[in-house]
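Participant: I would like the atomic coordinates for the input below:
(one chain, ligands or ions: 1)
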Amino acid sequence: MVIAVTGAAGKTGRAVLAALAARGVETRALVRPGQVVEATETVHVDLADASQVATALDGVSAVYVIAPNVHPSEPSLVANVLAADVPRVVYHSVLHPAIEAMPHHWAKARSEELLLASSADWTILQPCAYAQNLQPAPVLQVPYSVDARFAFVDLLDVAFVAARVLTESGHSYATYQLAGPELLSVSDVAALLGARAERVDPNDWYLDTPLRGYARDALGAMFLYYDAHGLPGNASTLATLLAREPTRMSEVLAR
Ligand SMILES: NC(=O)c1ccc[n+]([C@@H]2O[C@H](COP(=O)([O-])OP(=O)(O)OC[C@H]3O[C@@H](n4cnc5c(N)ncnc54)[C@H](OP(=O)(O)O)[C@@H]3O)[C@@H](O)[C@H]2O)c1
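Facilitator: As a prediction, the model looks like this:
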């Protein structure tokens, strides 16, 4: 059994590769040239090139599909993976992909549709924002309300579930929401750290990023949505899949 992971050099991909390695599974990491990851095999691929993707996935028993963060053509990248006819496909989506106001969520809803209509044995995972997105600092600065609440999920819990559904039976044609066990604001997280939370103007936040075009617009829409609604979720599905309580933010910060 060889399981392929796309977008494998990103933070999600590396966590999923590690969780698969912990189960003794052989992995094939699909990365862009120049990236080095811990995997049984590494293949260089541009996910936008369907023939490269088909070659890279030849012979694998399953693929974990991680699309690049805020990519302008996520559904077409997912279509390239599906065209390779891998028998088992697990797609890394997002919590509440149906929120049309966030283009990168909506793109994941459109990508989910492709799985539903495919001939693959599929599973969809829908993680909330990772607890690891908030890096400890004296001042936690975000371009949205510091009081908006999120069901931050531990990326290691998500990776454990990904490895589980890729290697165990019983998950065909399921869609799982993966949300953390608490509803926390950035102010709450700052309090856990003994730090301060501060809302910064999105225009100032962008000054520190190289983002342009679709990625910038999508994140701008996300900040507006987060500002008004946060991203709440329910942890019961994750608890069932972990067979324990999901990891709390304080435990992630302590780690
Ligand atoms: N962060 C969260 O809280 C969160 C929550 C739920 C879902 N997600 C979803 O998780 C996914 C992964 O997020 P992430 O933060 O792990 O992303 P990431 O760290 O940016 O990793 C994405 C990887 O994709 C690679 N990549 C970019 N364009 C590519 C292409 N054309 N062909 C092949 N590889 C390409 C990148 O390569 P380079 O390193 O060479 O650029 C990078 O290694 C995203 O779809 C995101 O929406 C994230």
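Participant: Thr123: what secondary structure?
Facilitator: strand (DSSP: H, G, I helix; E, B strand; the rest coil).
Participant: spit out the contact partners of it.
Facilitator: Applying CB atoms under 8 Å, 6 or more residues apart in numbering to Thr123 gives the contacts Val89, Val90, Tyr91, Val165, His171, Ser172, Tyr173, Ala174, Thr175, Tyr176. (Each C-beta comes from the backbone N, C-alpha and C, glycine too.)
Participant: what is the longest helix along the chain packed up against?
Facilitator: Scanning the chain for the helix with the most residues, using DSSP state H, yields helix 213-229. Applying 3 or more CB pairs under 8 Å, 6 or more residues apart in numbering; DSSP states H and E, we find helix 213-229 packed against helix 103-116, helix 202-207.
Participant: who touches the next helix or strand after it?
Facilitator: Later in the chain than helix 213-229, the nearest helix or strand by DSSP states H and E is helix 236-242. Residues outside helix 236-242 that contact it (CB under 8 Å, 6+ apart) are 153, 157, 160-161, 164-165, 176-181, 245-246.
Participant: near the ligand, anything from helix 236-242?
Facilitator: No. Judged by CB under 6 Å from any ligand atom, helix 236-242 and the ligand are separated, with a smallest distance of 12.9 Å.
Participant: now do the buried residues in that helix.
Facilitator: Residues Thr237, Leu238, Leu241, Leu242 are the ones in helix 236-242 that count as buried (16 or more other CB atoms under 10 Å).
Participant: mind checking the end-to-end distance for stretch 202-215?
Facilitator: End-to-end span of stretch 202-215 (CA to CA, to the nearest Å): 14 Å.
Participant: that older thread, of the contacts of helix 236-242, list those near the ligand.
Facilitator: With CB under 6 Å from any ligand atom as the criterion, those include none near the ligand.
Participant: which of those fall within strands?
Facilitator: Tyr176, Gln177, Leu178 (DSSP state E).
Participant: between those residues, which is closest to the ligand?
Facilitator: Leu178 (8.4 Å; CB to the nearest ligand atom).
Participant: and the pLDDT at the residue nearest to the closest one when sequence neighbours are not counted?
Facilitator: Once flanking residues are discounted, Leu178 sits nearest to Pro127: 4.3 Å by CB to CB, 6 or more residues apart in numbering. pLDDT, Pro127: 99.
Participant: quick one on the thing from earlier: any chance of the buried residues of helix 236-242 in CSV, plus distance to Val53 and pLDDT?
Facilitator: As requested, the buried residues of helix 236-242 are exported to CSV (distance: CB to CB, whole Å; pLDDT from 0 to 100):
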residue, distance to Val53, pLDDT
Thr237, 30, 98
Leu238, 30, 99
Leu241, 28, 98
Leu242, 31, 98
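Participant: picking that back up, out of the ones in strands among the contacts of helix 236-242, which is most surrounded?
Facilitator: When those are compared by neighbour count (other CB atoms under 10 Å), Leu178 ends up highest, at 26 neighbours.
Participant: pretty sure that one contacts Asp157?
Facilitator: Yes. The criterion here is CB atoms under 8 Å, and Leu178 meets it with Asp157 at 7.2 Å.
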